[in-house]
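A.B. asks: A structural model of the following input is requested.
(one chain, ligands or ions: 1)
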Amino acid sequence: MNKQQLIAGNWKMNGSLEANDALVRALVAGMAGAQCTAAVCVPAAYLAQVQMLKSGSALELGAQDVSQHVQGAYTGEVSAPMLREFGVRYAIVGHSERRQYHGETDALVAEKAKTALAHGITPIVCVGETLAEREAGRTEEVVKRQMAAIIHVNGHCISEICVAYEPVWAIGTGRTATPEQAQQVHALLRKQLAAATPHAERVHILYGGSMNAANAAGLLAQRDIDGGLVGGASLKAADFLQIIASARAA
Ligand code: 13P
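C.D. replies: Next comes the predicted model:
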């Protein structure tokens, strides 16, 4: 299905008041007339700043995580209703860095996605295999297991989520999956979604992992690649704008 693609930047733990100001102003100025949806997922500390900088533009705001809880004694956590107050439309959940460094499990990631959806935030749920898993021929098994947990917990709401296929070996390494490698996994994920919902074609399945201005067009031309989740290249306005310009309109 031809749908407008989504290009989301994941700033990770980068930025400063000064750097964000320059970056967001350049993005807002440069994306007038963009054919796709574009978003920046910024550190929670900068949500208010970026909300203000992007106001009146088509740039969407995203967070990098969300608590599975709605409120209470959860020191350090940020809730979905809090994110909504800052105009957040997307929240990345289950990024491999959170799975790896913060022990997030498939079940927790699924709960976070559910809480986000319940509060009007579209979760961008990340799945992806490590290099060892790929080399052992386990890619399909791993991404299917990660996806199954999300489907199990989110039931018929599953068509409201976004998925990001991010092979761990391609993140921050400069080593991108080839368009064909990525398409293969995206098709698999689409098939798995189709078994759970009649609206699988509506789901945006993004690719993430060393996507840049030079390789974006090839990846975004694949049938089941509906956009990108961009790390390093989203911190440079010219590069991110180039990726946005490579994306497909509806
Ligand atoms: P890089 O684009 O820096 O490889 O990061 C990808 C990523 O993890 C986006 O969430």
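
A.B. asks: which residues in the protein form helices?
C.D. replies: Counting by DSSP state H, the chain has helices at residues 17-30, 47-54, 80-85, 96-101, 106-118, 131-135, 139-154, 179-194, 216-220, 237-246.

A.B. asks: Give me the contacts around the fourth one.
C.D. replies: In this structure, residues lying in contact with helix 96-101 by C-beta atoms under 8 Å, 6 or more residues apart in numbering are 12, 65, 104-105, 109, 126, 128, 166, 168, 171. Every residue, glycine included, has its C-beta placed from N, CA and C.

A.B. asks: which of those residues come close to the ligand?
C.D. replies: 166, 171 (C-beta under 6 Å from any ligand atom).

A.B. asks: Restricted to strands, list the contacts of helix 96-101.
C.D. replies: Using DSSP state E, the members of the contacts of helix 96-101 that fall in strands are residue 126.

A.B. asks: interface residues of this protein facing the ligand?
C.D. replies: When proximity is defined by C-beta under 6 Å from any ligand atom, the chain lies next to the ligand at 10, 95, 166, 171-172, 208-211, 229-233.

A.B. asks: out of these, which are buried?
C.D. replies: Among these, those buried by neighbour count (16 or more other C-beta atoms under 10 Å) are 10, 95, 166, 171, 208-211, 229-233.

A.B. asks: pLDDT and distance to residue 81 for those residues - can I get that in JSON lines?
C.D. replies: Formatted as JSON lines, those follow (pLDDT from 0 to 100; distance: C-beta to C-beta, whole Å):
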{"residue": "10", "pLDDT": "98", "distance to residue 81": "22"}
{"residue": "95", "pLDDT": "98", "distance to residue 81": "21"}
{"residue": "166", "pLDDT": "98", "distance to residue 81": "27"}
{"residue": "171", "pLDDT": "93", "distance to residue 81": "30"}
{"residue": "208", "pLDDT": "97", "distance to residue 81": "27"}
{"residue": "209", "pLDDT": "96", "distance to residue 81": "31"}
{"residue": "210", "pLDDT": "95", "distance to residue 81": "34"}
{"residue": "211", "pLDDT": "97", "distance to residue 81": "31"}
{"residue": "229", "pLDDT": "98", "distance to residue 81": "24"}
{"residue": "230", "pLDDT": "98", "distance to residue 81": "27"}
{"residue": "231", "pLDDT": "98", "distance to residue 81": "27"}
{"residue": "232", "pLDDT": "97", "distance to residue 81": "31"}
{"residue": "233", "pLDDT": "98", "distance to residue 81": "32"}
